[in-house]
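Trainee: With the sequence up front, the predicted model follows.
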Amino acid sequence: MAQGASTSFAGADLIDIGTTNPINGASAFAFNLWMKCSDITAKQYWLGQDYDSGLTVGFDGTSSNINFEVQVTGTGGHFIRQSTALLNTFASNDTWINLGFSYDYNSGTPQFGMYADGVALANKFRSWTDSVSAVGAGSGTFGIGDTPLAGTFDFAGNIAWLTIWNEAKTEDDMLEVLYNPMSVPANAAAQWDCLTTSPSDLSGNGFDGTNSGASQSSDGPPVHLFSGEN
């Protein structure tokens with residue numbers, strides 16, 4: 001399989017990970033992935049479960065203000081964290097971008113990190129409580145490429161090399177994964193290369209994917225990143 005491969009999504013297409021949230025019960029977690037969107041300005045959700053249920057990730061905004069958004073529900077309530085740096089600054093239509101997020105409950109003093117191409121993004125608490133001591137189990141399908149929340153906010157684009165950890169990660173960690181996406185990071189809760197439409201969980205934790213409408217693509221993140229070149 002070519003290193004530059006990915007999975008392509010449109011409409012309700014998704015990779016179905018089942019009904020178990022890989023970070024269920026975690027007081028800290030992080031994720032990183034490569035993606036590109038057909039329309040970076042559209043509101044769309046492309047990772048996780050239903051609204052107010054476990055983890056949901058996407059973009060929210062308009063053509064002049066599109067932001068990276070993460071919603072988490074669990075013990076203690078529900079928060080939405082959103083970047084304040086416009087995602088348009090880092091990406092354009094049909095252009096690959098690396099995105100990352102990190103959360104640590106930190107004994108009631110939450111710490112957040114949002115990243116685009118290894119650069120830390122300014123971010124803010126948008127609504128509800130800003131403290132979740134344990135991520136909820138969620139309900140419904142945990143999807144890559146689409147979520148039950150999507151509805152009219154479906155994702156159109158490509159995803160490759162998605163990693164989820166059940167611990168917080170730093171900016172240096174995000175850079176390490178950006179330049180070494182083919183390795184399985186230590187303490188990964190789940191990792192999917194998305195080089196096929198039914199990817200196995202490379203972490204060995206059993207969160208294998210089943211295809212539901214997605215297609216394989218020969219398009220992938222820039223090859224020089226896979227080779228470790230700067």
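Mentor: Okay, I see it. Residues are numbered from 1 along each chain as shown.

Trainee: Break down the chain into its helices, ranges please.
Mentor: Assigned by DSSP state H, the chain shows helices spanning 171-179, 223-227.

Trainee: Report the residue spans of the chain with pLDDT below the cut-off.
Mentor: 1-3, 51-52, 61-65, 86, 88-89, 126-130, 148-152, 223-230 (pLDDT under 70).

Trainee: Report the beta-bridge partner residues of residue 71.
Mentor: residue 56, residue 80 (DSSP bridges).

Trainee: So it sits against residue 78, correct?
Mentor: Yes: using CB atoms under 8 Å, residue 71 is in contact with residue 78, at 7.2 Å. All C-beta atoms are positioned from the backbone trio N, CA, C, and that covers glycine.

Trainee: neighbour count winner among the two?
Mentor: residue 71 (27 against 17; other CB atoms under 10 Å).

Trainee: show me the residues around the more buried one that make contact.
Mentor: 48, 51, 52, 55, 56, 57, 78, 79, 80, 81 (CB atoms under 8 Å, 6 or more residues apart in numbering).

Trainee: of the residues you listed, closest to residue 179?
Mentor: residue 57 (22.3 Å; CB to CB).

Trainee: Quick check: the gap between that closest one and residue 140.
Mentor: 15 Å (CB to CB, to the nearest Å).

Trainee: Same drill for those two, tell me which one is more crowded.
Mentor: residue 57 (20 against 14).

Trainee: Correct me if wrong: the more buried one contacts residue 101.
Mentor: Yes: Residue 57 is within contact range of residue 101, at 7.3 Å (criterion: CB under 8 Å).

Trainee: between these two, what contacts are shared?
Mentor: Common contacts of residue 57 and residue 101 (CB under 8 Å, 6+ apart): 31, 70.

Trainee: Could you give the bridge partners of the nearest residue to residue 171 once chain neighbours are set aside?
Mentor: Distances taken as CB to CB, 6 or more residues apart in numbering place residue 120 nearest to residue 171, at 5.2 Å, with adjacent residues excluded. Per DSSP bridges, residues listed as beta-bridge partners of residue 120: residue 115.

Trainee: State the number of residues packed around residue 120.
Mentor: Residue 120 has 16 nearby residues by other CB under 10 Å.

Trainee: go on, residue 95?
Mentor: 11.

Trainee: Find the nearest non-adjacent residue to it, please.
Mentor: residue 36 (5.7 Å).

Trainee: which residues does the closest residue to residue 60 other than its chain neighbours contact?
Mentor: Spatial nearest neighbour of residue 60, chain neighbours left out: residue 69 (4.5 Å); criterion: CB to CB, 6+ apart. By CB under 8 Å, 6+ apart, the residues touching residue 69 are 57, 58, 59, 60, 80, 81, 82, 83, 126.
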